[in-house]
Every structure is written in structure tokens, then in C-alpha cells.
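K.L.:
no sequence for this one, just the structure:
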DNA sequence: TTAATATAGGATTATAAATATCTTATATCT
DNA sequence: AGATATAAGATATTTATAATCCTATATTAA
């Protein structure tokens, strides 16, 4: 009953892009280094985030990802469910047919409640709220923007060795 | 982010044993048939439930399982966590060291809240409440229902997600 | 126009977890 | 003693997760 790695990475990626702001192009390498995400895995995750219209992807030299919405318009729940599908917590809520005996049992109803509480909690939180306070992903001090944000972060030629 | 089959089976087993009442010996075959649980898997699950002192196991001819506590003294959360371990929902709550950057971030705090809500909801429900109304497992006696002990827990009295 | 850079998208591999069953041992009843 | 039933650990089987690889395509700069 644990969030997947992919979803945790997606959240970190979105937090980092939120600190950069909507429409600011950021390379995959930079995001991977700063948010501590395996670069290849991030590529895969970004595809899901792009399909869900949270980010936009630019190919080619100087390519990268950028936020396609305002952080205030993206909730934690939306990003999580983009990665793991709709949250259900237990099988009989997800697929009532898996309950062979009754379609309306008390156990079922407790899980329904738990599920709605959880989804409501995650849905109340937007990414602009998440970056207003200290988060897992370090934000860039304003004076650094414009300089190479990877300075001192990436050991030289990390991805060039493949 | 789904409850395991083993935990679902454990709940069904406990619901069924609760309808039988504390101290009533019931064969594994009967429980398996009535609660729709693979018999061999039930044996494995019963061992966990016995270790946690929810049930007592009698070996030998005419053996079986029986409830070792009153259903009112067993919560849904206890049975669930016996089977899947303590609920954490995400890794950075379970093992803060997995968060390489900050030990006190906003994302972390949202998951803490979600986790406590979920555990509180599951902890409010006891097995005597679960068998007072229709459950997934057919009960043997039809009981009188007075005031509904699940008020405040079941979905109809909760604020729902949009 | 070509070379270099970077992501797209599908395929593949590796690892871990969940699910289920099997086997030998032990306990209990008749 | 013989029949019946679970104990406990071992062993498959299946499924999901995590990560990486490969070929194609897009973009930029020389």
C-alpha cells in the first residue's frame, strides 16, 4: 500500500518545475540531478506528465521540459493518479465484482470512505502551495537563474558516457 | 496502492469468525468455503492472525480456528496492519532517509496527514460493528440493529470529493 | 546541409512483491 | 494406532515495479 517510485519521482519533477515557473524550459539532466531522479526513468515519467498536459516537452538540442499550467492549477492528486491510475485502496472498491457475495457490505463502505478522504486530502494540495514552504527539492535562489543551474551539481559528462 | 489479497482474506476470515462469536471453533474448510478464501492460503493467513493473538488455532481432528478476543476489541486497522505491516502510503514517510534532500518538506507533511487520516478511519471500525450490518460474508444470525455505530464513518455522512 | 544534442516511444531486462501451493512434521480425536 | 487437521517452512508462479536500452525523430548551431 505504498506509492510507486515513478509517482514519487513525478511529484519531485513537478515540484522542481513549479519552482522554475510556468513555461520555463528546463533540461531533463538538470531536473534529474536536482530532484535526484534517474535520468532515463525521468524521460519515461515525463511522457506520462506530458500526455496529461501538465508539462510540455521540447525535443532537440536545448530541449527539455516546462510546466504547461500554473502550479496553482495542479493538485497533488492529479499528478499521483496520472502515474498510478485512480486510487482505490482495495480491490472490492475498484472492482465490485471481485466481491462474490455482496455488493453493498460494511467493509466495502469503510474503504469507500477511506478512499474519498485520501483523495480529498491529496486534491486540496496544489503545487504552488507545495513550493511556498520548504520542500524535498531545493529551489533555485533567484540570483542563480540565468547562470548554468547545473554548476556544482553534475559531475562533468554524466550522461555523455553512454 | 492497493490492499493485498492476503489482507482482504484476513478481513473476511475475521468477519466470519466474528459472526460465530468469540471462542467458537470453526474448521478451516468451513471458513474458506463461506468467506471464499483459498484453503491453503487461509492456513498461511491464520498463522499471522494467531501470532497477533486475534485467533486461536486448534490442531488435530476437529481442529480449526476461533476468535481469541471480542469482535468489539478488534479494529479493522489492526487486522490490516497485521497482514501488510504499518501503513505508510509513501516511502519518504516510511523511511525519511530515502528523501535525500530535506527531512521536513511540505510534500512529506501532506502524506503524513493522509496517512494519519486513513489509519484513524480504519481504527474507528471494530468487527462487531462490521457484522451488525450486511457484510461481504454471509452472517449466520440476523441481529437487531439499534443505533448505527458506523455513523460518521460510512460515506453518506462524509464530505465527498466533488 | 551536416554534425551534435536531446527527447520519443517501444522493447527489454532486472528486481521485488504478491499469490498460491507443496511437503514434512506435529497435534488431537476416536 | 489410525485418521484427520493444522504448523511451519520451502518452493513455485504470477504480476507489478523499476530501470535501462535501442532506434527514430526533432532541434540547434556550425
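P.N.:
Cool, the structure landed. Here the structure is a predicted model, which is why all the values come from computation and not from measurement. Numbers count the residues shown, from 1 in each chain, chains lettered A, B, ... in the order given.

K.L.:
which intervals of chain A have sub-threshold pLDDT?
P.N.:
A:96-104, A:133-162 (pLDDT under 70).

K.L.:
closest approach to DNA strand D from it, which residue is it?
P.N.:
residue A:60 (2.0 Å; Cβ to the nearest atom of the strand). C-beta here means a position set from N, CA and C on the backbone, and glycine is covered the same way.

K.L.:
for residue A:41, see how far away that residue is.
P.N.:
Counting by Cβ to Cβ, to the nearest Å, the separation of residue A:60 from residue A:41 is 21 Å.

K.L.:
between the two, which is the more surrounded one?
P.N.:
Neighbours were counted for residue A:60 and for residue A:41 using other Cβ atoms under 10 Å in any protein chain shown; residue A:41 has more, 13 against 6.

K.L.:
which residues touch that one?
P.N.:
A:5-6, A:9 (Cβ atoms under 8 Å, 6 or more residues apart in numbering or on different chains).

K.L.:
before we move on, what SS does residue A:57 have?
P.N.:
Under DSSP: H, G, I helix; E, B strand; the rest coil, the three-state class of residue A:57 is strand.

K.L.:
helices and strands around the helix or strand where residue A:7 lies, which ones?
P.N.:
Secondary structure assignment for residue A:7, by DSSP states H and E: helix A:5-20. The contact analysis (3 or more Cβ pairs under 8 Å, 6 or more residues apart in numbering or on different chains; DSSP states H and E) places helix A:5-20 against helix A:28-35, helix A:39-51, strand A:64-67, helix A:76-84, helix A:127-132, helix B:91-94.

K.L.:
what is the neighbour count of the closest residue to residue A:57 other than its chain neighbours?
P.N.:
Once flanking residues are discounted, residue A:57 sits nearest to residue A:50: 4.9 Å by Cβ to Cβ, 6 or more residues apart in numbering or on different chains. Number of residues near residue A:50 (other Cβ under 10 Å) recorded here: 14.

K.L.:
any idea how far residue A:50 lies from DNA strand C?
P.N.:
For residue A:50, the distance to DNA strand C under the criterion Cβ to the nearest atom of the strand, to the nearest Å works out to 5 Å.

K.L.:
same question for residue A:52.
P.N.:
12 Å.

K.L.:
is any part of stretch A:12-29 close to DNA strand C?
P.N.:
Yes: Stretch A:12-29 is in contact with DNA strand C by Cβ under 7 Å from any atom of the strand, via A:27-29.

K.L.:
just the buried residues from those, in PyMOL please.
P.N.:
Burial among those is assessed by 16 or more other Cβ atoms under 10 Å in any protein chain shown; the matching PyMOL selection reads:
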select buried, chain A and resi 28+29
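
K.L.:
for residue A:125, state which of the residues of stretch A:12-29 next to DNA strand C is nearest.
P.N.:
Residue A:125 has its nearest neighbour among these in residue A:28, at 25.4 Å by Cβ to Cβ.

K.L.:
just give me the longest helix of chain A.
P.N.:
Longest helix of chain A, by residue count under DSSP state H: helix A:106-123.

K.L.:
and that helix with DNA strand C, contact?
P.N.:
No: counting by Cβ under 7 Å from any atom of the strand, DNA strand C has no neighbours in helix A:106-123; the shortest distance is 14.8 Å.

K.L.:
what comes up buried for that helix?
P.N.:
For helix A:106-123, using 16+ other Cβ under 10 Å, the buried residues are A:106-123.

K.L.:
so which of those reach chain B?
P.N.:
A:106-114, A:116-123 (Cβ under 8 Å from any Cβ of the partner chain).

K.L.:
OK, contacts around the residue nearest to residue A:57?
P.N.:
A:56-57, A:65.

K.L.:
before we move on, what about residue A:94?
P.N.:
A:88, B:2.

K.L.:
residues in chain A within reach of DNA strand C, list them.
P.N.:
A:27-29, A:43-44, A:46-47, A:50, A:57-65, A:159.

K.L.:
try it again with 10 Å
P.N.:
Where chain A comes near DNA strand C, counting by Cβ under 10 Å from any atom of the strand, the residues are A:1-2, A:25-32, A:39-51, A:55-65, A:91, A:157, A:159-160, A:162.

K.L.:
which of these count as buried?
P.N.:
Applying 16+ other Cβ under 10 Å to these flags A:1-2, A:26, A:28-32, A:42, A:45-46, A:48-49, A:55-57, A:64-65, A:91 as buried.

K.L.:
any idea how far the nearest residue to residue A:66 once chain neighbours are set aside is from chain B?
P.N.:
Spatial nearest neighbour of residue A:66, chain neighbours left out: residue A:25 (4.7 Å); criterion: Cβ to Cβ, 6+ apart. Plainly put, residue A:25 is 23 Å away from chain B if you go by Cβ to the nearest Cβ, to the nearest Å.

K.L.:
and residue A:87, by the same measure?
P.N.:
Applying Cβ to the nearest Cβ to residue A:87 and chain B gives a distance of 6 Å.

K.L.:
repeat that for residue A:17.
P.N.:
14 Å.
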